[in-house]
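In: Here is the input, now give the coordinates:
(2 chains)
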Amino acid sequence: MLVAHVRGHGVLREADKGEKTSWFWRLDPRAKIAGIFAFVVVTALLTTPEAVVLALASAIVLSAASGVHAKRLIIAYATAFPFIALASISIFLFSGTERGMTMLARTSSCVMPLLVLALGTDTFDLFTGLRRLKVPGMITTLLMLTFRFLLLLSDEYERMKLSRRARGFRGGRSILDKYGFRVLSSTAGMVLVRASARADRVYEGLKCKAFRKDMIPWKISSLRPVDLVFLLTLAIVATTLAIAQCGVLT
Amino acid sequence: MSALELRGVTYKYDDGTLALKDFSLLVERSEKVAIVGPNGAGKSTLLNLLAGFRMPFSGKVLIEGRELTEENADELRREVGLVFQDPDDQIFMPTVEEDVAFGPRNLGLDDIEGRVKLALRSAGIESLAKRRPHRLSHGMKKRVAIAGILAMDPKTLLLDEPTSGLDPRARAELIKLLKGMDKTMLIATHDLEAAAEMVDRVVVLNVSVVTQGTMREVVMSREVLRDAGLELPTVSKLFDMVSGMGYPVESLPVSMDQAVSEFTRVIEREAKLMGEKRGRKNRGKQRSPDGD
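Out: Residues are numbered from 1 along each chain as shown, chains lettered A, B, ... in the order given. Model prediction:
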């Protein structure tokens, strides 16, 4: 369902088990977010091909070492690739192949660690990490609730899809199938109606539990030496990239 | 002072549908009351009124002796814990224990760890503390929702269709759990069999009160139940048939325990009658040779 859409279709559950025992999965979410964002910011500022190649190599090493299932990562990257390519296409057209390739490599170097972060961290841990990094509670709470209820809505949509199929509906495969489109649009409308009804109930559910504004995580982890080593490593990589950008290495 | 009181409450939806009309109810502390009625009878509306999510069109709602108003609804909601029909509407946090701790943390209560442990134990889900709630079965999610409310230590539990969507085993376990809890409870359900096992008193609702009393009293008024669109519990139906066959059934049992004792009574009475019949026959036989 939604998790599968976000994290790659048809990926076996067994892959999850391996990932959840990997060193990257067990890192404190704050260390992961801070380290990867620092790397991404530095990479986004690189312009020289040498520095960008170094960043791409670092991103690939991080992806390989993280323990995130390769197939999932490739699927997620492939899903993101049209957007990456779109960002580079105008550079290819107007500034030449070399700059276009640099743009493509730079965008990939930014996207890959972010995918590793998304796939190698439990979604709620990610929001918890953001909250603990002082991101406003309103934003993290909205993200948490949105994610939680997107899953429920996705389940609801799946049920409606099954029910459609159980009643013999096979339409919507051609753009000329007006009836099919009418059915699909009323299904989408029904999901929205149900979403609205559920939103009301969820709001009441939150009020029942004396909710005010913020969903603060109860049990929180503390930074361990391994988190600091991770942060330090990414800091060294980021510094090296910055030095490479300034041309010191060449 | 009673735990809950409704005085002449009337509630209408925006589209003009009358959900409750001149409804009055008094629930004493530690009493367990079931509100039974068909779909659309106003059961869920009643619970929403008690939880302060809706305000009555006319009449009064009193929680622990205090009148519920829009101003004090948030405060009085602490006294009543509403468990929704669909637990997915009430579970928000990534792990079971985090979800159970959610309410007490919002209320700023002390000893959250202890409260969470106690609530999980009371709901019989200690072993699920670290699990992801959205991956649990419907029955287990119901328990998580109940534990989340129990952790806030409300004086009264309001349960909306607690047994709906549960398989027979989960249903039986939940009934046992609720039966064993020492709390004031108001249970909205159309499951008469489950209600029979859990509550002291039943109110048959169909927009207004149709009848009320103990479950045994209510099942005896079959016509009223039929008019309200309710079915007798299976065990009561069986004894209704037995009674129709001429066996002397004093009152219709509503639970298995009652059925066993009623059956025992019927069998003992029949055995006694048979014994007396046989005794008379034997005495007759003994008398006839002397007479010859």
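
In: rest of the way, CA atoms for contacts and neighbours
Out: Noted.

In: so where's the chain shaky on pLDDT?
Out: Assuming you mean chain A. Counting by pLDDT under 70, chain A shows low-confidence ranges at A:1-19, A:172, A:248-250.

In: Chain B, not that one
Out: Within chain B, the stretches with pLDDT under 70 are B:288-292.

In: Pull the contacting residues for the residue in chain B that chain A sits nearest to.
Out: Using C-alpha to the nearest C-alpha, B:G103 is the residue of chain B that sits closest to chain A, at 4.4 Å. Residues near B:G103 by C-alpha atoms under 8 Å, 6 or more residues apart in numbering or on different chains: A:K209, A:A210, A:F211, B:G148, B:I149, B:A151, B:M152.

In: What separation is there between the fifth one and B:L118?
Out: B:I149 sits 12 Å away from B:L118 when distances are taken as C-alpha to C-alpha, to the nearest Å.

In: same question, B:N72
Out: Distance of B:N72 to B:L118, given as C-alpha to C-alpha: 28 Å.

In: excluding its backbone neighbours, what's nearest whatever residue of chain A ends up closest to chain B?
Out: Closest residue of chain A to chain B, C-alpha to the nearest C-alpha: A:K209 (4.4 Å). Of all residues not flanking A:K209 in the chain, B:G103 sits nearest, at 4.4 Å (C-alpha to C-alpha, 6 or more residues apart in numbering or on different chains).

In: which element is the one you found on?
Out: In this structure, B:G103 sits in helix B:96-107 according to DSSP states H and E.

In: so B:K183 touches B:L159, yeah?
Out: No: applying C-alpha atoms under 8 Å as the test, B:K183 and B:L159 come out as separate, 11.9 Å apart.

In: who's more crowded, the two?
Out: Higher neighbour count among B:K183 and B:L159: B:L159, with 23 against 18, using other C-alpha atoms under 10 Å in any protein chain shown.

In: Could you look up the SS state of the more buried one?
Out: Secondary structure assignment for B:L159 (DSSP: H, G, I helix; E, B strand; the rest coil): strand.

In: just checking, what packs against the helix or strand where A:Y179 lies?
Out: Here A:Y179 sits within helix A:178-208, counting by DSSP H and E. Applying 3 or more C-alpha pairs under 8 Å, 6 or more residues apart in numbering or on different chains; DSSP states H and E, we find helix A:178-208 packed against helix A:137-166.

In: Is chain B within reach of the helix it packs on?
Out: Yes: remark: helix A:137-166 sits within contact range of chain B at A:L145, A:R148, by C-alpha under 8 Å from any C-alpha of the partner chain.

In: Let me know the angle separating that helix from helix A:178-208.
Out: Computed by axes from the mean of the first three to the mean of the last three C-alpha atoms, to 10 degrees, the angle separating helix A:137-166 from helix A:178-208 equals 140 degrees.

In: Look up which residues are beta-bridged to the nearest residue to B:T214 once chain neighbours are set aside.
Out: Excluding its sequence neighbours, the residue lying closest to B:T214 (C-alpha to C-alpha, 6+ apart) is B:R201, at 4.6 Å. Counting by DSSP bridges, B:R201 is bridged to B:V33.

In: can I assume A:R170 sits in a strand?
Out: No: counting by three-state DSSP, A:R170 is not part of a strand but coil.

In: who are the neighbours in contact with A:K134?
Out: Counting by C-alpha under 8 Å, 6+ apart, A:K134 touches no other residue.

In: Give the burial count for B:G59, as a bare number.
Out: Residues contacting B:G59 under the criterion other C-alpha under 10 Å number 16.

In: Next, it: secondary structure please.
Out: Classification of B:G59 by three-state DSSP places it in strand.

In: how close does it get to B:Y11?
Out: To B:Y11, B:G59 is 9 Å away according to C-alpha to C-alpha.

In: Which one's more surrounded, B:N72 and B:L118?
Out: Shown here are B:N72 and B:L118; by other C-alpha under 10 Å, B:L118 has more neighbours (16 against 12).

In: My guess is the more buried one contacts B:A151. True?
Out: Yes: using C-alpha under 8 Å, B:L118 is in contact with B:A151, at 7.5 Å.

In: what sits up against stretch A:23-31?
Out: Contacts of stretch A:23-31 (C-alpha under 8 Å, 6+ apart): A:19-20, A:66-67, A:120-122, A:125-126, A:128-130, A:132-133, A:221-224, A:226-228, A:230-231.

In: Buried ones among these?
Out: For those, a neighbour count by 16 or more other C-alpha atoms under 10 Å in any protein chain shown gives the buried set as A:19-20, A:66-67, A:120-122, A:125-126, A:128-130, A:132, A:227, A:230-231.

In: ok, and which of the residues you listed reach chain B?
Out: Of the buried ones among the contacts of stretch A:23-31, not one also sits near chain B (C-alpha under 8 Å from any C-alpha).

In: Return the residues in contact with the residue nearest to A:L54 when sequence neighbours are not counted.
Out: Spatially, and ignoring its direct neighbours in sequence, A:L54 is nearest to A:L241 (7.0 Å; C-alpha to C-alpha, 6+ apart). Taking C-alpha under 8 Å, 6+ apart as the criterion, A:L241 is in contact with A:V42, A:T43, A:L46, A:A51, A:L54, A:A55.

In: residue contacts, residue 160?
Out: If you meant another chain, say so; for now it's chain A. A:T187.

In: The intended chain is chain B.
Out: By C-alpha under 8 Å, 6+ apart, the contact list for B:D160 reads B:K43, B:S44, B:L47, B:L82, B:V83, B:F84, B:Q85, B:I187, B:A188, B:T189.

In: what residues are up against the second one?
Out: Counting by C-alpha under 8 Å, 6+ apart, B:S44 touches B:D160, B:A188.

In: I'd guess it is in a strand, am I close?
Out: No: assessed by three-state DSSP, B:S44 does not belong to a strand; its assignment is helix.

In: how much space between it and B:V218?
Out: According to C-alpha to C-alpha, B:S44 stands 21 Å off from B:V218.

In: cool, and the fourth one?
Out: Computed as C-alpha to C-alpha, the B:L82 to B:V218 distance reads 26 Å.

In: Can you pick out the residue with more neighbours from the two?
Out: Using other C-alpha under 10 Å, the more surrounded residue of B:L82 and B:V218 is B:L82, with 29 against 20.

In: Just give the closest residue to that one, not the sequence neighbours.
Out: Nearest non-adjacent residue to B:L82, counting by C-alpha to C-alpha, 6+ apart: B:L158, 4.6 Å away.

In: so that neighbour bridges to which residues?
Out: Taking DSSP bridges, one finds B:L82, B:L186 as the beta-bridge partners of B:L158.

In: Show the contacting residues for it.
Out: Neighbour list for B:L158: B:L47, B:V80, B:G81, B:L82, B:V83, B:M185, B:L186, B:I187, B:A188 [criterion: C-alpha under 8 Å, 6+ apart].

In: For residue 88, grab the count of nearby residues.
Out: Picking chain A for this. 21.

In: try chain B instead
Out: B:D88 sits with 21 neighbouring residues when counted by other C-alpha under 10 Å.

In: Tell me which residues touch it, please.
Out: Going by C-alpha under 8 Å, 6+ apart, B:D88 touches B:H134, B:K141.

In: any idea how far B:V242 lies from B:E262?
Out: Between B:V242 and B:E262 the computed distance is 11 Å (C-alpha to C-alpha).

In: Can you check which residues contact both of those two?
Out: B:V249.

In: With neighbour numbers in mind, choose between the two.
Out: Using other C-alpha under 10 Å, the more surrounded residue of B:V242 and B:E262 is B:E262, with 18 against 13.

In: Please tell me how far the more buried one sits from B:V235.
Out: Taken as C-alpha to C-alpha, the span from B:E262 to B:V235 is 11 Å.

In: Common neighbours of these two, please.
Out: Among the neighbours of B:E262, those also in contact with B:V235 (C-alpha under 8 Å, 6+ apart) are B:P253.

In: which residues in chain A form helices?
Out: Secondary structure of chain A (DSSP state H): helices at A:2-7, A:13-20, A:23-26, A:29-44, A:49-65, A:70-95, A:97-119, A:123-132, A:137-166, A:178-208, A:225-246.
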